[in-house]
Structures are given as structure tokens and as C-alpha cells.
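In: A predicted structure for the sequence below; I have some questions about it.
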Amino acid sequence: MNILLVCAAGMSTSLLVNRMKDAAGKKGIEAHIEAHPVGSISQYGDKADVILLGPQVRFELKKVKESYPTKPVEVINMQDYGMMNGEKVLNTALDLLGK
């Protein structure tokens, strides 16, 4: 499973990626999770199974959904993002994928 997190610059989300990887490991889930700036989504979006946008780029939601109509695309819950709750964000991705 490939999860793409999209944010403003890719830096703030790297901690969340690590926490999501830890949560996936604890659940025995094999997941490839990356964070990239919204400006480079075209380089990574096709490989993603699910795309999650950081709250700071939620204004891009419609555009990203239009660019990837066959993929689940959603904005990360602001509280989960702020608390860097990797388990909850991972669960959001799993729910979107029906897993």
C-alpha cells in the first residue's frame, strides 16, 4: 500500500510519516508512506493508493481530486495532524481504502 501525504513544503509532515510507519509496523501492515510538497504531486500521485492532504493545503483538495479521480483523496483531520497522531492518520488512509 502506497500512502502519499501532501503538504506545503514536505518538512512538517516528515514527523507524521515516521509516526504512521511506526503505527503500521505495530499493526503488521506493510505500507510505503511518503510526504511531498503539493507542487510536486504530479511526480508521486500516480504511484499512490491514497492521497492525504495536510490541513495547510486543504484548498487544493478539489484540484487533486480532479487530477486523481480514481484514487481516494482527503484532507487530514486538523487535530490529528496537529497532534502528529500517526495511528489515526493511518486509520484514515485504511478506511479510505476499505481495509
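Out: Sure thing, it's come through. Note that the structure is a prediction, hence the values are computed from the model and not measured.

In: from here on, just use CA atoms for contacts and neighbour counts.
Out: Fine.

In: now the helices for the chain?
Out: Using DSSP state H, the helices assigned to the chain run over residues 13-27, 41-44, 61-67, 78-82, 86-96.

In: just list what the longest one packs against, helices and strands only.
Out: When you say that, I think you mean helix 13-27. strand 2-7, strand 32-37, helix 86-96 (3 or more CA pairs under 8 Å, 6 or more residues apart in numbering; DSSP states H and E).

In: what's the mean pLDDT across it?
Out: Regarding helix 13-27, the rounded mean pLDDT is 94.

In: residues in contact with that helix?
Out: Identification of contacts with helix 13-27 by CA atoms under 8 Å, 6 or more residues apart in numbering yields 5, 7, 30-31, 33-35, 54, 81, 84-87, 89-90.

In: got the angle for that helix vs strand 32-37?
Out: 170 degrees (axes from the mean of the first three to the mean of the last three CA atoms, to 10 degrees).

In: can I get helix 13-27 in CSV, CA atoms only?
Out: The C-alpha coordinates for helix 13-27 follow below in CSV (Å, rounded to 0.1, in the frame of the first residue of the first chain):
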residue,chain,number,x,y,z
THR,A,13,4.8,16.2,7.6
SER,A,14,8.0,14.1,7.8
LEU,A,15,7.4,13.5,11.6
LEU,A,16,3.9,12.4,10.8
VAL,A,17,5.2,9.9,8.2
ASN,A,18,7.5,8.4,10.8
ARG,A,19,4.7,8.0,13.3
MET,A,20,2.5,6.5,10.6
LYS,A,21,5.2,4.0,9.8
ASP,A,22,5.5,3.1,13.4
ALA,A,23,1.8,2.6,13.7
ALA,A,24,1.8,0.4,10.6
GLY,A,25,4.6,-1.7,11.9
LYS,A,26,2.7,-2.3,15.2
LYS,A,27,-0.3,-3.4,13.2
